[in-house]
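Trainee: need a 3D model of the sequence below.
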Amino acid sequence: MQTPKFFSNMLKKIYHNYGENPGEMLVHTGAVGWILSSAAQIFAVIMNNNLSSEQKLFLIPQEACDGAVNIISFYTLTKSVKYIGSKLVKTGKIRTKEISDLLNRRGLILKKGQQRVPEKVYAGDWNFDITKLNNYDKSIKPTFGPFKDGAEVITGLAGSIISCNIITPIVRNAYASKKQKDLINNFNDWSKLNPDGLRTHMGQSMFDSFTSKAYSGVYSFSGNMKI
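Mentor: This next block holds a predicted model:
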């Protein structure tokens, strides 16, 4: 059975972009997951028949901003941690015995007591890059490539776990607390200007209805995507 052309082209594009960089794929797919999660939460607000149009007017932007905080904090932290891990591996600060042997044969590891050659970079220097060495593809990549890819996946995964379970909830909760205060202030200001327009058919103010449901968790749409 022949693979459809568009599907084949898509697979080639994925391999071209991520085949030798699985850590980057982890970052991007995680960010896409947050985007879809945020979109689903906004859709839930829109389709919730228990919410009035006025309440949705406040909640939809709040959910959109909440989603933006989630996405930005996840992407920034995960990308940064992955970059640091990749940099440590490329500079040779973190390496296996096999890689050390390859670098030793080229005189690229500065041994204890050895005199440093001026203007020469050694493994462990911040501007040293194993992937830029001569004949890298043939003599070094077969050993170094899988190690680098694995290190990027591990550091990217560590960054995503820290982001999703520690940093993002803290940032989101702090942001949500501030937005809740702003929302209550907006309701108070609006109710002063439109005291009759905010009364429900049961005689309860929309502000009272909103806050009672908010505290009971009816309007708690924000989720926490786990990696």
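
Trainee: L51 in helix, strand or coil?
Mentor: coil (DSSP: H, G, I helix; E, B strand; the rest coil).

Trainee: per-residue confidence for it?
Mentor: Note on L51: pLDDT of 80.

Trainee: remind me which residues of this protein are low pLDDT?
Mentor: Along the chain, segments meeting pLDDT under 70 span 1-21, 176, 179-180, 183-227.

Trainee: now the helices for it?
Mentor: Counting by DSSP state H, the segments of the chain that form helices are 5-18, 22-47, 53-90, 97-105, 141-162, 168-193, 206-216.

Trainee: what's the closest of those helices to D129?
Mentor: For D129, the closest of the helices of the chain is helix 53-90, at 5.2 Å, according to CB to CB. From N, CA and C alone the C-beta is placed, and that goes for glycine too.

Trainee: make a markdown table from the helices of the chain and add mean neighbour count and distance to N135 to it.
Mentor: Output for the helices of the chain, formatted as a markdown table (neighbours: other CB atoms under 10 Å; distance: least, CB to CB, whole Å):
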| stretch | mean neighbour count | distance to N135 |
| --- | --- | --- |
| helix 5-18 | 10 | 24 |
| helix 22-47 | 17 | 25 |
| helix 53-90 | 18 | 17 |
| helix 97-105 | 14 | 11 |
| helix 141-162 | 18 | 9 |
| helix 168-193 | 14 | 43 |
| helix 206-216 | 15 | 64 |
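
Trainee: including distance to W126, could those helices go into JSON lines?
Mentor: Output for the helices of the chain, formatted as JSON lines (distance: least, CB to CB, whole Å):
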{"stretch": "helix 5-18", "distance to W126": "27"}
{"stretch": "helix 22-47", "distance to W126": "20"}
{"stretch": "helix 53-90", "distance to W126": "8"}
{"stretch": "helix 97-105", "distance to W126": "16"}
{"stretch": "helix 141-162", "distance to W126": "17"}
{"stretch": "helix 168-193", "distance to W126": "29"}
{"stretch": "helix 206-216", "distance to W126": "50"}
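
Trainee: closest to R116 out of those helices?
Mentor: helix 97-105 (15.3 Å).

Trainee: send me the closest one as PDB with only the CA atoms.
Mentor: Presented in PDB, the C-alpha positions along helix 97-105 are these (Å, rounded to 0.1, in the frame of the first residue of the first chain):
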ATOM      1  CA  LYS A  97      34.500   7.700  28.600                       C
ATOM      2  CA  GLU A  98      34.200   6.900  24.800                       C
ATOM      3  CA  ILE A  99      33.900  10.600  24.000                       C
ATOM      4  CA  SER A 100      36.800  11.400  26.400                       C
ATOM      5  CA  ASP A 101      39.000   8.900  24.500                       C
ATOM      6  CA  LEU A 102      38.100  10.500  21.200                       C
ATOM      7  CA  LEU A 103      39.000  14.000  22.500                       C
ATOM      8  CA  ASN A 104      42.100  12.800  24.200                       C
ATOM      9  CA  ARG A 105      43.500  11.300  20.900                       C
END
